[in-house]
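In: sequence and predicted structure are below.
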Amino acid sequence: MAVINRIAGFADDMAAWRRHLHMHPELSLDCHNTAAFVVDKLREFGVDEIHPGWATSGVVAVINGKGQGPTTALRADMDALPMDEKTGAEWASTVPGSMHACGHDGHTTMLLGAARYLAETRNFTGRVVLLFQPAEESIGGGRIMVEEGVMDKFDVDEVFALHTDPFNALGHFGTRSGGLMASVDDWTITVTGKGGHAAYPQTCIDPIPPALQIANAINTLKAREISAFEPVVVSLTQFHSGSASNIIPDTAELIGTVRTYSEEMRNVMEQRINAIAKAQELAFGVDVHIDYDRNYPATINHESQTVRAAKIATEIVGEQSVDANIAPEMGSEDFSYMLESRPGAFLFLGQGVGPSVHHPEFDFNDEAAPIGASFLARLIERNHPIG
């Protein structure tokens, strides 16, 4: 494994940064202390520009190379998840109800490690733009930064990101050209009837039967209306109604999610879920309200950038540890907005098989940080060669 010697030399520092971040998780856009830690490190490294305040608490930094060349952005997310930690680690979260269960502490650390090396060596042309973004797990800090004009302001040509992978061996890279992760849309359907005593249902308009009809019909959408070869997932994940066995409630609420890979299929699913739900108004005499929220689009890697990134990964870990044609996933990522704005690629980095991300026992493997930082640094040096 060809981890860059200089980066290997400060691996202990990276572990200390990561564990500090892990102990002090922050949620959504409220990553101000994390951002302050990042800014302090970037100043210590001697980067050329630091611009805080993007997407409320995001940080953008610039490292200039030697001479004219392209501008490549490297992104890391900083936010944690609203859950309690059960790792038992010495560096476990000190914030009740908040933990780094998706490895964003590791992502931030890997980008800081690459920044330290690149600021020291400057063995590249053009510029590197470092994007430390909040709110990947919630409202899409990546979307907000793009909408605020980060790609245009810093003349970004390409953009890349890494995500830890607890389902693969340490140092195993995985990616693919084209669709890598799905879009995500969330919906809430509220059925309103007329509550009353369960012994006298004729005096009520019961919202539960139409809600059950909606649930059953939505659950057949994929099986009976969508081709088996079309990547679509529709899941009803919550059903809320009632408070006692002798009360017919006023309302029933259904909540779920849709994952797809094409805008056409997103449209089809939204139209069909709306039609199914509204049809119950006439059938049962209830009122149906639908909130259908389109969230992250599909994460679509660009071919040229993905091929180059995979080639550079082989320099770090060897050809046998790089899979450039992994199966697409139905999870989602707000890096998708950045890939809509600029060409680039998103890659997974194995940290060793262990508890899944979003699990209370998940913890980023510090041994993966020098590998990821070396990849990001080599990516810049290979894409911005001197001479």
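Out: Yep, it's here. Numbers count the residues shown, from 1 in each chain.

In: who are the packing partners of the worst-scoring helix or strand of the chain on mean pLDDT?
Out: Least confident helix or strand, the chain: helix 221-225 with a mean of 93, by mean pLDDT, DSSP states H and E. Contact analysis of helix 221-225 by 3 or more C-beta pairs under 8 Å, 6 or more residues apart in numbering; DSSP states H and E lists strand 233-241, helix 263-284 as its packing neighbours. Placement of C-beta: from N, CA and C, glycine included.

In: gap between the next helix or strand after the shortest one and the chain center?
Out: I take that to be strand 233-241. Once strand 233-241 ends, the next helix or strand along the chain (criterion: DSSP states H and E) is strand 247-248. Centroid displacement of strand 247-248 relative to its chain, using C-alpha atoms, centre = their mean, to the nearest Å, is 41 Å.

In: again, but for stretch 299-314
Out: Put simply, stretch 299-314 sits 18 Å off its chain's centre (C-alpha atoms, centre = their mean).

In: got the contact list for that stretch?
Out: Residues outside stretch 299-314 that contact it (C-beta atoms under 8 Å, 6 or more residues apart in numbering): 158, 160, 173, 175-182, 321-322, 324, 332-333, 335-336, 339-340, 343-347, 375, 378-379, 382-383.

In: buried ones in that stretch, by neighbour count?
Out: Neighbour counts over stretch 299-314 (16 or more other C-beta atoms under 10 Å) mark 299-302, 305-306, 308-310, 312-313 as buried.

In: so Arg272 touches Glu225, yeah?
Out: Yes - look at Arg272 against Glu225 with C-beta atoms under 8 Å: they come within range, at 6.8 Å.

In: of the two, who's got more company?
Out: Higher neighbour count among Arg272 and Glu225: Arg272, with 17 against 13, using other C-beta atoms under 10 Å.

In: let me see the ranges of the strands in the stretch 251-387 of the chain.
Out: Using DSSP state E, counting those that start in this stretch, the strands of the stretch 251-387 of the chain run over residues 251-260, 287-294, 299-301, 322-323, 344-350.

In: so which of those strands is nearest Asp30?
Out: When the strands of the stretch 251-387 of the chain are compared by C-beta to C-beta, strand 287-294 sits nearest Asp30, at 21.2 Å.

In: avg pLDDT for the closest one?
Out: Model confidence over strand 287-294, given as mean pLDDT, is 97.

In: just checking: what are the partner strands of it?
Out: With DSSP bridges as the test, strand 287-294 is paired with strand 183-192 (antiparallel).

In: quick check: buried residues in the partner strand?
Out: Using 16+ other C-beta under 10 Å as the burial criterion, the residues of strand 183-192 that qualify are 183-185, 187, 189-192.

In: list the contacts of Gly372.
Out: Listed by C-beta under 8 Å, 6+ apart, the contact partners of Gly372 are 106-107, 110, 113-114, 162, 164, 349.

In: just the buried residues from the residues you listed, in ChimeraX please.
Out: Buried members of those, defined by 16+ other C-beta under 10 Å, are picked up in ChimeraX with:
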select :106,107,110,113,114,162,164,349
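
In: excluding chain neighbours, what is closest to Gln340?
Out: You called it Gln, but residue 340 is Glu. Of all residues beyond its chain neighbours, the one nearest Glu340 is Pro297 (6.4 Å), with distances taken as C-beta to C-beta, 6 or more residues apart in numbering.

In: that older thread, ok, which of the helices and strands packed on helix 221-225 comes nearest Gln133?
Out: Between Gln133 and the helices and strands packed on helix 221-225, the tightest spacing by C-beta to C-beta is seen for helix 263-284, at 23.9 Å.

In: run the angle between the closest one and strand 287-294 for me.
Out: Compare the direction of helix 263-284 with that of strand 287-294 by axes from the mean of the first three to the mean of the last three C-alpha atoms, to 10 degrees and you get 170 degrees.

In: which of the residues in helix 263-284 are buried?
Out: 265-266, 268-270, 272-273, 276-277, 280, 284.

In: using a markdown table, lay out those together with pLDDT and distance to Arg75.
Out: Formatted as a markdown table, those follow (pLDDT from 0 to 100; distance: C-beta to C-beta, whole Å):
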| residue | pLDDT | distance to Arg75 |
| --- | --- | --- |
| Met265 | 96 | 27 |
| Arg266 | 96 | 24 |
| Val268 | 96 | 31 |
| Met269 | 97 | 29 |
| Glu270 | 97 | 29 |
| Arg272 | 97 | 35 |
| Ile273 | 98 | 32 |
| Ile276 | 97 | 38 |
| Ala277 | 97 | 37 |
| Gln280 | 96 | 43 |
| Phe284 | 97 | 48 |
